[in-house]
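**Student:** coords please:
(chains A and B)
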Amino acid sequence: MNSIEKAIELHSLEPPFFNQDVSFLEKVIVQFIQTEMEKYHFENAAIALSGGLDSTVVTYLAARALGKKRIKLLYMPYGESTTSLDHLRLITTDLGIEIETYDVSEIADLIFLERAIQNPLRRGNVLARLRMVNLFDLSAREKALVIGTSNKSELLIGYSTWYGDGAAGIMPIGDMYKTQVRAMGQYLGIPKEILDKPPSAELWPGQTDESEIGIPYEVLDRILYYWVDMRFSKEDILKIGFAEEIVTRVMKMSYRCLYKQKLPIVAKVSARTVGVDYRLSKETGNVSS
Amino acid sequence: MKVALAQIVPIFGNWEASFLKHKEYVERAIEQKASLIVFPEMSLTGYNLQDLTPEMSIRATSEKLKEVARQSMQIDLVVGFPEIDDHFRSYISCAYCSKGEVLHIYRKIFLPINGMFNDSKDFTPGHELLSFTVNDFHMGMLLCRDMWHEEAIVSYVKKDVQCLLIPSNIPLRNIDESGPAIHKFVERMVRGYAERNSIYAIYVNRVGFEEGTCFYGGSMIADPFGKVIVQAPFVEESLVYAEISTDVMKRKLASFHLHNDRRDAIVRKAFAGEER
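**Tutor:** Below is the predicted model of the structure:
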């Protein structure tokens, strides 16, 4: 046991979600998906399934909430990714849901070439937004609500593309840290291969989230939990034993992405403003007097 | 006296649809020969109305509320709604209805505004506790956050309240190893108040979602021994029942009696000149 684990145990600081009732959490999320689908009168749900942990867990949860017939899956590879394909087959076979494939390589390469995009970050953003375009087209065709697959860890540090993979109608796992998503995956019985592989946005070959963020999710999630959920100060977090360099990086990432965590802020110049105070009853579309 | 706890999902912003649901639950409770059915806080409109508040708020004397009260010919009702007064101030209120009439209105006193809560932005706080007698029981009303405030509990105990009615809208926050973490806190309070004061405490929470916020349910009745005699499930609509009886209070008081030892003057002295 390392010193951080010792300090956590000594001060009873273990985040409750490291040992939570996942069956209850699943029930809540399933109900959430059902409620939102009903509220907005969507027939189907559209999910971009990459074969990674987050989109797999969301697909399983949505299938439980809505039944497999209402789930429209879209796989959008760029270049070669044979492991993803194998993993997709495991999921679609297990759930009995068909998946549509749209290869974004050709159009992405055209954009990369014409706009001379070499920078991996810019390339990654272009890919995420190309996928968004196609997912929303599927959504229009299938009268489907786009179900987002972002988790709390990445929302908090901004590890997603604004209006790319971050574009969605609802985010069922948006308040679950990656650690919780993994526990949910275990509970739902998703294929072991997906649970075990290192998380990757697959923006380029060999990329993994943890190498790019530079912090393992178990550490990242703990720091975020103490800071965001428990309102610990930086000093308090350092006292537990986390390296200052890492804590500073997490905080910087979080501050830098605050703009991404909201709908665009509207300049309020009237009495009732969209996104500020205006509210209409969505259940009925009208309000009784 | 048989009490029904109606743990429902109100239809947000839709009085008529929510009222239909109330009627259905009332009919079921009448079939089960319950004498009282308690609905959650804001059961007729949903909770976080924000800028819909003025439009959804009704007067306590309105035809709409009278129509609800008419459902109370065979069973007493506690329903929750946003109330508006003559000066267009809105309150989070609940109505106690019996024999087809609105008998009492209680206005929530403690309006939370911390974290996810916005009550006091849209609503005016009530300032009066409400106790009244039904059958053999002297009842005291509280709405949700009110129950956290000791002064409300102490005041009711001083008024010899025998049963606290606590319609609520408590949202889910953290989930721990046994489900909604907040429920442990609520259960300790409800059971604690009941056991310590040898009274009943009837807590009715809603279920369902509003804008991603989940209300977790777990409605319950704690008896004068602090025992939970009925508990509704988490996150599911349900109608559960339990008998409450002054005989149980009598048995409890026979073995543990604080009433004669009360020293109200101590409280008065401690807070003399410090009213807030």
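**Student:** what residues are up against residue B:214?
**Tutor:** Shown in contact with residue B:214 (CB atoms under 8 Å, 6 or more residues apart in numbering or on different chains): A:28, A:31, A:32, B:171, B:172, B:208, B:235. (C-beta placed from N, C-alpha, C; glycine too.)
**Student:** So which bits of the host helix or strand of it are buried?
**Tutor:** Residue B:214 belongs to strand B:213-216 when assigned by DSSP states H and E. For strand B:213-216, burial by neighbour count (16 or more other CB atoms under 10 Å in any protein chain shown) applies to B:214, B:215, B:216.
**Student:** quick one: which of those residues is nearest residue B:83?
**Tutor:** Residue B:83 has its nearest neighbour among the buried residues of strand B:213-216 in residue B:215, at 20.8 Å by CB to CB.
**Student:** Please verify my assumption that the closest one contacts residue B:208.
**Tutor:** Yes - distance between residue B:215 and residue B:208: 6.0 Å, which falls inside the contact criterion (CB atoms under 8 Å).
**Student:** After the strand holding residue B:214, which helix or strand is next? Please name it.
**Tutor:** Toward the C-terminal end, the helix or strand that comes next after strand B:213-216 (DSSP H and E) is strand B:220-222.
**Student:** Can you tell me what sits against that next one?
**Tutor:** Contacting residues not belonging to strand B:220-222 are listed as B:3, B:5, B:187, B:190-191, B:193-195, B:200-203, B:228-232, B:242, B:244 [CB under 8 Å, 6+ apart].
**Student:** Remind me which helix or strand residue A:25 belongs to.
**Tutor:** In the assignment (DSSP H and E), residue A:25 maps to helix A:22-39.
**Student:** Quick check: buried residues in that helix?
**Tutor:** Of the residues in helix A:22-39, those scored as buried under the neighbour-count criterion (16+ other CB under 10 Å) are A:22, A:24-33, A:35-37, A:39.
**Student:** Please enumerate the helices of chain A.
**Tutor:** Using DSSP state H, the helices of chain A run over A:3-10, A:22-39, A:53-66, A:82-95, A:105-114, A:120-141, A:152-157, A:178-188, A:192-196, A:209-213, A:217-224, A:234-240, A:244-256.
**Student:** closest to chain B out of those helices?
**Tutor:** Of all those, it is helix A:22-39 that lies closest to chain B, at 4.4 Å by CB to the nearest CB.
**Student:** For the closest one, which helices and strands make contact with it?
**Tutor:** For helix A:22-39, the helices and strands in contact under the criterion 3 or more CB pairs under 8 Å, 6 or more residues apart in numbering or on different chains; DSSP states H and E are helix A:53-66, helix A:178-188, strand B:175-176, strand B:207-210, strand B:213-216.
**Student:** which one of those has the lowest average pLDDT?
**Tutor:** Of all the helices and strands packed on helix A:22-39, mean pLDDT reaches its minimum on strand B:175-176 (a mean of 92).
**Student:** ok, whichever helix or strand comes after it near chain A or not?
**Tutor:** Proceeding N to C from strand B:175-176, the next assigned helix or strand is strand B:179-180, under DSSP H and E. Yes - part of strand B:179-180 sits close enough to chain A to count as contact by CB under 8 Å from any CB of the partner chain, namely B:179, B:180.
**Student:** Pull the residues that contact strand B:179-180.
**Tutor:** Here strand B:179-180 makes contact (CB under 8 Å, 6+ apart) with A:21, A:24, B:172, B:173, B:174, B:216, B:218, B:234.
**Student:** most surrounded residue in the residues you listed?
**Tutor:** Ranked by neighbour count (other CB atoms under 10 Å in any protein chain shown), these have residue B:218 at the top, with 26 neighbours.
**Student:** check contacts around that residue.
**Tutor:** Under the criterion of CB under 8 Å, 6+ apart, the contact partners of residue B:218 comprise B:180, B:183, B:186, B:187, B:205, B:231, B:232, B:233, B:234.
**Student:** Could you do residue A:256 as well?
**Tutor:** The neighbourhood of residue A:256, defined by CB under 8 Å, 6+ apart, consists of residue A:158.
**Student:** Now do the worst-scoring helix or strand of chain B on mean pLDDT: which elements does it pack against?
**Tutor:** Each helix and strand of chain B was given a mean pLDDT (mean pLDDT, DSSP states H and E); the minimum falls on helix B:264-270 at a mean of 82. Here helix B:264-270 is seen to pack against no other helix or strand when contacts are counted using 3+ CB pairs under 8 Å, 6+ apart.
**Student:** which of the contacts of residue B:218 sit farthest apart?
**Tutor:** Taking CB to CB, no two of those sit farther apart than B:186 and B:233, at 14.8 Å.
**Student:** So between those two, which is more surrounded?
**Tutor:** Using other CB under 10 Å as the criterion, residue B:186 and residue B:233 rank with residue B:186 on top: 21 against 15.
**Student:** Not counting sequence-adjacent ones, nearest residue to that one?
**Tutor:** residue B:170 (6.4 Å; CB to CB, 6 or more residues apart in numbering or on different chains).
**Student:** Verify the assumption that residue B:204 is located in a strand.
**Tutor:** Yes - with DSSP: H, G, I helix; E, B strand; the rest coil as the criterion, residue B:204 is part of a strand.
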